[in-house]
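Asks: pasting the structure only:
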C-alpha cells in the first residue's frame, strides 16, 4: 500500500499536482479543495517533497494553512516548517526524520507510527514556539527529538518510542503519557545561554517561559532514567506507583541527609557510586524543585545491580523521613 501511494505520484495526473505544490506551496495549498479526498481529507498520501535530501536545500513551508489533509506515508524529509497552521490532519507512517518545525500550530491532528528521529518539533522563532493542541502521538518514533517550548495541551503520547527526547521548557497542560519513556528530559524553564550565539537567539523575554506541568499523567507510563530538571514543579502530575519509583519530598534537604547516611553507614566500596548518584540528582539544574521523582533503573544500572539500587532507594526513603522530622 505504501509503495503504491508513493508510486502514483509518478503518473501524469499526480505529478502535475505535485509540481503545483512544489512551485508555489501557498497558492497550491489554498486550492487543495479541488484535489481528491480520502475520508473527507485532502489526499496527499505518499507525496515526496524533496527527492534528494542530502544534496538539496531545505524546502520551506512558510505560513501555510493545512486543514483536513492526509499526509500519511508521505516523505517530509528535507522540509522546514515555519509559522504554519495545521488542523484536523492525519499523519500515518509519515517520515519526519530531521524535519525542522518552528513556531507552528497543530490542532486536532494524529501522528500514528510516524518517524520523527532527530527532528526539531516546534523550536522557537523569536519569542514564538508554536503549539500542539488535541494532538495524538501514537506508536511514533520520537527518539532524539528536541521540542522547544511549545504549548502541549490535551495531547497524548501512546506507546511511542521516547528515548533521549528533550522537552525544553515545553508547556504541558492536560497531557497523558502511556508506555516506555527512557532517558527523556523534562525541563521547567529554558537553559540559560552560554555563548554570544545563544544570547543572540534567545531574547530576554524568553526567560519568563516556564513549564507549568499542569495535570500531566504518567500513571500508565514506564519511566527509566527520566530526568526532571530546571526548577520543574511536579506536584500537579500523576506518576506510576510501585517499588521501582520514588517521589522525593523536600529534595534539597533529603539529598543532603542521604549523602551523610551514605558516608556514615555504607560500605566503603559502595560509597563513591552512591555519593555520585546523589550528586547527579542534586546538581544545579535539579535545584529549587518542590518535589523530585526518580526511578530505580539509574540506581540499579538498569537492573544489573538491583541490590545496590534498592539499598540506594532505602537510604533515600530514610533520608526523606529524617528531612520531614527536621521541618516539624
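Replies: The structure has been received and is ready for your questions. Just so it is clear, the structure is predicted and the values come from calculations on it, not from any experiment.
Asks: what's the following helix or strand after the strand or helix carrying residue 293?
Replies: Taking DSSP states H and E as the definition, one finds residue 293 inside strand 291-295. Counting by DSSP H and E, the element after strand 291-295 in chain order, helix or strand, is helix 296-299.
Asks: re the thing from before, sheet partners, orientation included, of the strand holding residue 293?
Replies: strand 245-249 (antiparallel) (DSSP bridges).
Asks: give the buried residues for the partner strand.
Replies: Neighbour counts using 16 or more other CB atoms under 10 Å place 245, 246, 248 of strand 245-249 among the buried residues. The C-beta positions use only the backbone N, C-alpha and C, and glycine is treated the same way.
Asks: which residues does that strand contact?
Replies: Strand 245-249 is contacted from outside by 223, 234, 239, 254-255, 281, 291-296, 313, 316-317, 320, 323-324, using CB atoms under 8 Å, 6 or more residues apart in numbering.
Asks: select only the buried ones of these in ChimeraX?
Replies: Only the buried members of the contacts of strand 245-249 enter the following ChimeraX selection, criterion being 16+ other CB under 10 Å:
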select :223,234,239,254,255,281,291,292,293,294,295,296,313,316,320,323
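Asks: contacts only, for residue 100.
Replies: 58, 79, 80, 81, 119, 120, 123.
Asks: and the buried residues of strand 245-249 as JSON lines, adding pLDDT and distance to residue 28?
Replies: Output for these, formatted as JSON lines (pLDDT from 0 to 100; distance: CB to CB, whole Å):
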{"residue": "245", "pLDDT": "95", "distance to residue 28": "50"}
{"residue": "246", "pLDDT": "95", "distance to residue 28": "54"}
{"residue": "248", "pLDDT": "93", "distance to residue 28": "54"}
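Asks: could you export those residues as a markdown table, including distance to residue 149?
Replies: Below are those laid out as a markdown table (distance: CB to CB, whole Å):
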| residue | distance to residue 149 |
| --- | --- |
| 245 | 27 |
| 246 | 28 |
| 248 | 25 |
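Asks: now the helices for the protein?
Replies: For the chain, the helices defined by DSSP state H cover 2-7, 12-23, 25-30, 196-201, 251-265, 268-281, 296-299, 306-327.
Asks: how far does the second one sit from its chain's centre?
Replies: Read that as helix 12-23. Using CA atoms, centre = their mean, to the nearest Å, the mean C-alpha position of helix 12-23 is found 34 Å from that of the whole chain.
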